[in-house]
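> Based on what follows, work out the 3D shape:
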Amino acid sequence: MKDSLSKKNESTWMGIPKIIFAALIAIFIFMTGDGIEQAFLSKNIVDLGFSSSQASLVFTVYGVMVVVGSWLAAVLADVYGPRKVMVLGTSIWLVFHILFLVFGLGMENYNMMILMYGIRGLGYPLFLYGFLVWVTYITDKARLATAIGWFWAMFSVGMGVIGTYLPSYTIPHIGFMGTLWMSVIWIALGGIIAFYVVSKRNIKPNADMPIKERYGKVLKEVSIVYKNPDIIKVFLVRIINQLSLFGLVVIFPVLFTEIIGFSMQQWLWIWGTMHITCIIGDIVWGVIADKIGWKRQVMLFGCIGCGVTTLLFYYLPVLSGDVFAIATLCAILFGITQSAFVPIFAIFTALEPNHIGATLSSHNLAAGLSNFVAPAMATLILPIFNEVGVVWAFAICYFIGAVITYFIKVRQPGIEVYSVTETNTQTQY
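Below is the predicted model:
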């Protein structure tokens, strides 16, 4: 009762607690540190004398641990509280990143690279998704999509923009290793700011229970949410959500530079423009979704929109040749539709509002699996049907996602329900 009163009276902006905007600074800083390596680490490993397949294995193991960390984040946040999970994530990232640099890259020890970088993969999802649990608990559910939109915008600013472009300025001056060491500063600073801000509205779910009972409750809830058919549906849509985002980047660099005729720098500008568009789109679509309906937006502008823009992103540049303006326009359109998926997180929470931790663990697992499904599809389809086959496979998945979304039954706070089933149970469609 006390928490609900403080929540009711707390200062807000756009219906969102202002404290969230302060905490988003930490997300931007932390994800900048985490994203610094993405554009060059694989090349750095190859330059040390290892093969491309060996470098790929390092990232594969890392990806597995990201999936594990993504699932654990929400579960542990419900047991120990989001703040402790975020501190754990920050600590794991810092410790194992330093060990990776010293005993892995520094000593050119491949086994240590896999081990240390893999364990470090637990760090960022624990921090990131622990933060999402905190946001979910303190935000009015009718404004949750808006809050999540701002969250993903700051995520994109850090990892997708600053984290991508910053190394191009630092590597010529301090080298690969110096740039990797620099990320420690960003992560530590982001973690400290997050700890300070989150402490001002610290959430402790199930605090009245002993630890053992908390685990029992949370694990029981995990089994409960997967019995909800609508959770399964939105789980599948969440995997589909980022197929093109993670899959096109596997095939498009070669397509755009070696076949269409763009330079690598032009391709990076094109892909970077997509990320910048997502930043704006995440914020705008978050607000729009709270007005027009989460499900409607995901179905029409997310699924159908991404299916169409994925095809446009391939066909228009192929047909027009190396016309930078056309390729950039395609990237912008794709970024707009990709960011329309923002409210899918809110849909998860609305389906099982009494099992937040377990529900978010399902969301996070789906998000992690998207990282694997996309490149796996590209790897399997590319040798048989070339790039066009991969693009059509992604597009078809999006159109299937629209059909799945149509059959999800979810009630959105703040939106008048306009469809009634035969049993007079009101459900938004």
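
> Kindly list the longest helix within this protein.
What stands out as the longest helix in the chain, according to DSSP state H, is helix 356-406.

> Please state the offset of it from the chain centre?
14 Å (CA atoms, centre = their mean, to the nearest Å).

> Need the pLDDT of Ala188.
On pLDDT, Ala188 comes in at 96.

> what do you get for Trp267?
Looking at Trp267, its pLDDT stands at 84.

> ditto for Ser419
36.

> Give me the mean pLDDT for the longest helix of the chain.
87.

> Show me what it is packed up against.
helix 52-80, helix 123-138, helix 211-225, helix 229-241, helix 243-254, helix 305-320, helix 344-351 (3 or more CB pairs under 8 Å, 6 or more residues apart in numbering; DSSP states H and E). Glycine gets a C-beta too; all of them are placed from N, C-alpha and C.

> Return the list of helices and strands in contact with the helix or strand following the fifth one.
Per DSSP states H and E, the first helix or strand lying C-terminal to helix 243-254 is helix 264-292. For helix 264-292, the elements it packs on are helix 144-155, helix 163-199, helix 243-254, helix 294-297, helix 324-339, judged by 3+ CB pairs under 8 Å, 6+ apart.

> Packing partners of the second one?
In this structure, helix 163-199 makes packing contacts with helix 18-35, helix 41-47, helix 82-99, helix 123-138, helix 264-292, judged by 3+ CB pairs under 8 Å, 6+ apart.

> Which positions in the longest one come out as buried?
Neighbour counts using 16 or more other CB atoms under 10 Å place 266-268, 270-279, 281-290 of helix 264-292 among the buried residues.

> Now do the contacts for Phe262.
256, 270, 322, 324, 327 (CB atoms under 8 Å, 6 or more residues apart in numbering).

> Could you rerun that using 10 Å?
For Phe262, the contacting residues are 252-253, 255-256, 268-270, 317, 321-324, 327, by CB atoms under 10 Å, 6 or more residues apart in numbering.

> what does His97 give?
33-34, 37, 104, 116-117, 119-120, 123, 180-181, 183-184, 187.

> cool, and Gly163?
Counting by CB under 10 Å, 6+ apart, Gly163 has contacts 28, 31-39, 156-157, 183, 186, 275.

> rerun that using 8 Å as the cut-off
The neighbours of Gly163, taking CB under 8 Å, 6+ apart as the test, are 31-36, 38.

> Name the member of those residues that has the highest neighbour count.
Neighbour counts for the contacts of Gly163 were taken using other CB atoms under 10 Å; the highest belongs to Gly33, with 27 neighbours.

> burial of Ala350, as a residue count?
Ala350: 21 neighbours (other CB under 10 Å).

> tell me which element the closest residue to it other than its chain neighbours falls in.
By the measure of CB to CB, 6 or more residues apart in numbering, the closest residue to Ala350 outside its immediate chain neighbours is Val410, 5.2 Å from it. Assigned by DSSP H and E, Val410 belongs to no helix or strand.

> Distance check, Val410 against Leu94.
Separation of Val410 from Leu94 (CB to CB, to the nearest Å) stands at 39 Å.

> Please identify which of the two sits among more neighbours.
Taking other CB under 10 Å, Val410 and Leu94 do not tie; Val410 has more neighbours (21 against 18).

> next one: phi and psi at the more buried one?
Main-chain torsions, Val410, degrees, to the nearest 10: phi -140, psi 140.

> Do I have it right that it meets Asp230?
Yes. Val410 lies in contact with Asp230 (CB atoms under 8 Å); the separation is 6.5 Å.

> which residues do the two both contact?
Jointly contacting Val410 and Asp230 under the rule CB under 8 Å, 6+ apart are Leu351.

> Against Ala346, how distant is Val318?
Distance, Val318 to Ala346, by CB to CB: 37 Å.

> just to revisit the earlier point, can you tell me which of the contacts of Gly163 is nearest Thr136?
Met31 (18.7 Å; CB to CB).

> The closest one - nearest residue in space that isn't next to it in sequence?
Nearest residue to Met31, sequence neighbours excluded (CB to CB, 6+ apart): Gly158, at 3.1 Å.

> helix, strand or coil for that neighbour?
When classified by DSSP: H, G, I helix; E, B strand; the rest coil, Gly158 comes out as helix.

> what about it, neighbour count?
Neighbour number of Gly158 under other CB under 10 Å is 25.

> do Asn109 as well
Per other CB under 10 Å, the neighbour tally for Asn109 reads 14.

> For it, list the residues it contacts.
Phe103.

> could you measure it against Leu99, distance?
In terms of CB to CB, Asn109 sits 11 Å off from Leu99.

> Least confident of the contacts of Gly163?
Ranking the contacts of Gly163 by pLDDT, Gln38 lands last with 74.

> Which of the three states applies to it?
Under three-state DSSP, Gln38 falls in the coil class.

> From Phe100, how far off is Gly175?
Relative to Phe100, Gly175 is positioned 16 Å away (criterion: CB to CB).

> The residue lying closest to Pro125 once chain neighbours are set aside: neighbouring residues, count only.
Nearest residue to Pro125, sequence neighbours excluded (CB to CB, 6+ apart): Gly69, at 3.7 Å. With neighbours defined by other CB under 10 Å, the count for Gly69 comes to 28.

> Lys227 now?
Lys227, neighbours per other CB under 10 Å, totals 8.

> go on, the one 4 residues further on?
The burial count assigned to Ile231 is 23, neighbours taken as other CB under 10 Å.

> Name the nearest residue to it, sequence neighbours excluded.
Distances taken as CB to CB, 6+ apart place Val225 nearest to Ile231, at 5.2 Å, with adjacent residues excluded.
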